[in-house]
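**Student:** please find the sequence and the predicted model below.
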Amino acid sequence: GNKSLHQKMVDELKHYYNGFHLLWIDTKVAARMVWRLLHGQVLTRRERRRLLRTCADLFRLVPFLVFVIVPFMEFLLPVFLKLFPEMLPSTFETESKKEEKQKKKLNAKLELAKFLRETIAEMAKRNKADSG
């Protein structure tokens, strides 16, 4: 039963893939349930239990996802800042609004950068505590 490192990694990836796949299915079902709730339909006890379990799973996943998402967020931030502030048609904008938006953009960038730095520092500390 001595598996090669490669085999171990493949098993690990399969495990993650299956986990994510199941969670994805659960999340789609949960989203449908929430949709029904919002439209005034009533869920059965079993459905409600499943919805709660899926939410719990998603929350448990958050710390794990931070490791995956944080690098992407830094990378995607300029893209999002481009896409979303510009959703307002330019005809609605005056000059001062544009300046304001530029300032807001910069602030958002600085805030997020600060948040990411703190998060990463916090994680590094926790990792040291775990290994130390």
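**Tutor:** Nice, I can see it.
**Student:** which helix runs longest in this structure?
**Tutor:** What stands out as the longest helix in the chain, according to DSSP state H, is helix 45-83.
**Student:** show me how far that one is from its chain's centre.
**Tutor:** Mean-position distance between helix 45-83 and its chain equals 3 Å (CA atoms, centre = their mean, to the nearest Å).
**Student:** which element is residue 13 on?
**Tutor:** Take DSSP states H and E as the rule and residue 13 turns out to sit in helix 5-38.
**Student:** can you give me the buried ones in that helix?
**Tutor:** 23, 26, 30, 33 (16 or more other CB atoms under 10 Å). In short, each C-beta sits where N, CA and C put it, glycine included.
**Student:** I figured the first one was touching residue 58, is that so?
**Tutor:** Yes - taking contact to mean CB atoms under 8 Å, the distance of 7.4 Å between residue 23 and residue 58 places them in contact.
**Student:** low-scoring stretches of the chain, by residue?
**Tutor:** Within the chain, the stretches with pLDDT under 70 are 1, 68-69, 80-81, 84-96, 132.
**Student:** circling back to that earlier point, quick check: angle from the helix holding residue 13 to helix 45-83?
**Tutor:** Relative orientation of helix 5-38 versus helix 45-83 (axes from the mean of the first three to the mean of the last three CA atoms, to 10 degrees): 100 degrees.
**Student:** counting by contacts, list what helix 5-38 packs against.
**Tutor:** Packing contacts for helix 5-38, counted by 3 or more CB pairs under 8 Å, 6 or more residues apart in numbering; DSSP states H and E, involve helix 45-83.
**Student:** which parts of the helix or strand following the helix it packs on are buried?
**Tutor:** Using DSSP H and E, the next helix or strand after helix 45-83 towards the C-terminus is helix 95-131. Neighbour-count burial for helix 95-131, counted by 16+ other CB under 10 Å, picks out residue 116.
**Student:** what's helix 95-131 packed up against?
**Tutor:** Secondary-structure packing of helix 95-131 (3+ CB pairs under 8 Å, 6+ apart): helix 45-83.
**Student:** the helix it packs on vs helix 95-131, what angle?
**Tutor:** Using the same axes, to 10 degrees: helix 45-83 against helix 95-131 is 120 degrees.
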